[in-house]
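Participant: here you go, sequence then predicted model.
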Amino acid sequence: MPAWAAFERGIKRTLLVWHRRAGKDELALHQACVAAHLRPANYWHCLPTYEQAKKAIWEAVNPHSGKKRIDEAFPPLVRKRTDNSSMTIEFHTGSVWRIVGSDNPDSLVGAPPAGVVFSEWALCNPSAWGLLQPILLENNGWASFITTPRGRNHVRSMLDMARKNPAWFAQVLTVDDTQQVTMAQIEEARTEYTSLYGKEAADALIQQEYWCSFEAAILGAYYGKELATAEQQGRICRVPADPDVPVHTAWDLGIHDAMAVIDWQIVASQVRILGYDEGHGYGIPYYALRAKERRLKYGCPQGWDYVPHDARQREMTSSGHDGRAKQRLETMIECGMKPKVVANHAIADGISAVRQVLPRCWWDDSDEVAELLNALRSYQVEWDDDAKCFKKTPLHNWASHGADAKRTLAMAYRELRALPAQEPGKMFSMDPSMLPIGVKGATLDDLWALQPKRRSGRI
């Protein structure tokens, strides 16, 4: 009732951290139906993935009533049209309600909504809110975030903010507050969790799901322990850039997926994480310009721009003077960057390299680096619900891009520690005077073959 009363008072931002089976989605669906009749507009119900939204909302049946959830919230009499293919409901008032996923934030840009529900917000891509917030500010729309915790990620920081902001309604409800789930039911869930994950993980899940604990480690998280140690040791703080040390970047390359770039430098035994940039739908020149601007802000020399092996892929949308499609590396060079490909490696080896470098990392306490930390905390093993066991591969979601950029950084650090110091830029400069005699007309593939063989090494 307090959450509903806040909605009726006109509160535009709501964060509900409620325990499992507390009725979060039911409240949000009924709120959307009322809003659709008060103001003709577009309304969205957003889950982490489009497929998850289909199963959890559109096709879900209330076990207590035997009715579909959407039929209870949106009675057929108030509907003008229901489209199962696009999971859209049009009302007689002219309003339209639909289901979307945060797994592709760029797809959210279009017909502007007047109200958005972010369900399972702890698992959603936080970039989705970054895209929609300006739209809702402009049209005086509302947003409701409903979730249970998933470690100390963007939900925790949002809760801390919302509790201090009178424009927000924030509420945490555990089973002690609602009495909606009996202890017998909780113990039954604990038994099931124990059989799947073991006692320690089961106890953490119970605290997370029913007592809304932010301290419980995310199930299957790769770096939870290392990042918790960094926080305890005070290594997440104001981290200055050393003006005498080059600032390197580490990339995860993507266009349809996110592009992620980490700014870092090595100062004595420290790996200083100075900045982070992530976005969707932009090309390499856009991120190169942003990286240059950040380097100027740091006041440091330009270091290497470390990229994964897929930087050698050719982009069909760009070509050189000979008409051949350009490699991503060539585009980076043309943008004044100094790319260097890290050794190709298995994902497991890269994760191991990250675990080795994390104890040396110091993290700037900026909002941008906090976004990277949230991604690393949420990076986890994929769960096979059919086989009831963990897979051997990471879950690919919004957290993967920052984690993959960190993997590039770890492999670069391993190489830097194994090789003698080199001056960045000599090998890949586009200045013909800096190329060896006889190769001034060479292609990038030709130059690649001229590189000296590198010694492998470990920290």
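Facilitator: Good, I have the coordinates. Given the structure is predicted, the values throughout are model-derived calculations rather than measurements. Numbers count the residues shown, from 1 in each chain.
Participant: how about the CA coordinates for stretch 49-69, as CSV?
Facilitator: Listed in CSV are the C-alpha atoms of stretch 49-69, where the atom choice follows Å, rounded to 0.1, in the frame of the first residue of the first chain:
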residue,chain,number,x,y,z
THR,A,49,16.0,-10.3,-21.9
TYR,A,50,13.1,-10.3,-24.3
GLU,A,51,12.8,-14.1,-24.1
GLN,A,52,12.7,-13.9,-20.3
ALA,A,53,9.9,-11.3,-20.5
LYS,A,54,7.9,-13.6,-22.7
LYS,A,55,8.1,-16.5,-20.2
ALA,A,56,7.8,-14.5,-17.0
ILE,A,57,5.1,-12.0,-18.0
TRP,A,58,3.3,-12.7,-21.3
GLU,A,59,2.9,-16.5,-21.0
ALA,A,60,3.0,-16.8,-17.2
VAL,A,61,0.0,-18.1,-15.3
ASN,A,62,-0.9,-17.2,-11.7
PRO,A,63,-0.7,-20.5,-9.8
HIS,A,64,-3.3,-19.3,-7.3
SER,A,65,-6.0,-18.3,-9.8
GLY,A,66,-5.1,-20.3,-12.9
LYS,A,67,-5.3,-17.2,-15.0
LYS,A,68,-2.6,-15.6,-17.1
ARG,A,69,-1.0,-12.7,-15.4
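Participant: buried residues in that stretch?
Facilitator: Taking 16 or more other C-beta atoms under 10 Å as the neighbour-count basis, stretch 49-69 is seen to contain the buried residues 49-50, 52-54, 56-58, 69. C-beta coordinates here come from the backbone N, C-alpha and C atoms, glycine included.
Participant: of those, which is the nearest to Glu209?
Facilitator: The shortest distance between Glu209 and any of the buried residues of stretch 49-69, using C-beta to C-beta, involves Ala56 and amounts to 15.5 Å.
Participant: please tell me how far Trp398 sits from Glu368.
Facilitator: Between Trp398 and Glu368 the computed distance is 15 Å (C-beta to C-beta, to the nearest Å).
Participant: settle it for me: which of those two has more neighbours?
Facilitator: Between Trp398 and Glu368, counted using other C-beta atoms under 10 Å, Trp398 has the larger neighbour count: 24 against 16.
Participant: tell me the contacts of that one?
Facilitator: Counting by C-beta atoms under 8 Å, 6 or more residues apart in numbering, Trp398 touches 48, 102-103, 124-127, 258, 375, 378.
Participant: again, only using 7 Å
Facilitator: 125, 127 (C-beta atoms under 7 Å, 6 or more residues apart in numbering).
Participant: low-confidence ranges, the stretch 301-450 of the chain, go.
Facilitator: Across the stretch 301-450 of the chain, residues meeting the criterion (pLDDT under 70) sit at 315-325, 384-389, 418-450.
Participant: which residues of it fall in helices?
Facilitator: Taking DSSP state H, counting those that start in this stretch as the criterion, the stretch 301-450 of the chain carries its helices at 328-334, 347-357, 367-378, 400-418, 444-450.
Participant: packing partners for the second one?
Facilitator: Here helix 347-357 touches helix 400-418, going by 3 or more C-beta pairs under 7 Å, 6 or more residues apart in numbering; DSSP states H and E.
Participant: about what we covered before: nearest to Arg290, out of the helices of the stretch 301-450 of the chain?
Facilitator: Between Arg290 and these, the tightest spacing by C-beta to C-beta is seen for helix 367-378, at 10.8 Å.
Participant: any residues touching that closest one, and which ones?
Facilitator: 126, 150-154, 157, 218, 221, 223-224, 227, 262, 273, 275-278, 363, 399, 402-403, 406.
Participant: now, those that are in strands?
Facilitator: Of the positions in the contacts of helix 367-378, 262, 273, 275-278, 363 sit in strands, assigned by DSSP state E.
Participant: wait, which of the helices of the stretch 301-450 of the chain is closest to Thr249?
Facilitator: Nearest to Thr249 among the helices of the stretch 301-450 of the chain is helix 400-418; the distance by C-beta to C-beta comes to 8.8 Å.
Participant: rewinding a little: just checking, which of the ones in strands among the contacts of helix 367-378 comes out lowest on pLDDT?
Facilitator: Taking the ones in strands among the contacts of helix 367-378 together, the minimum pLDDT is found at Glu278 (92).
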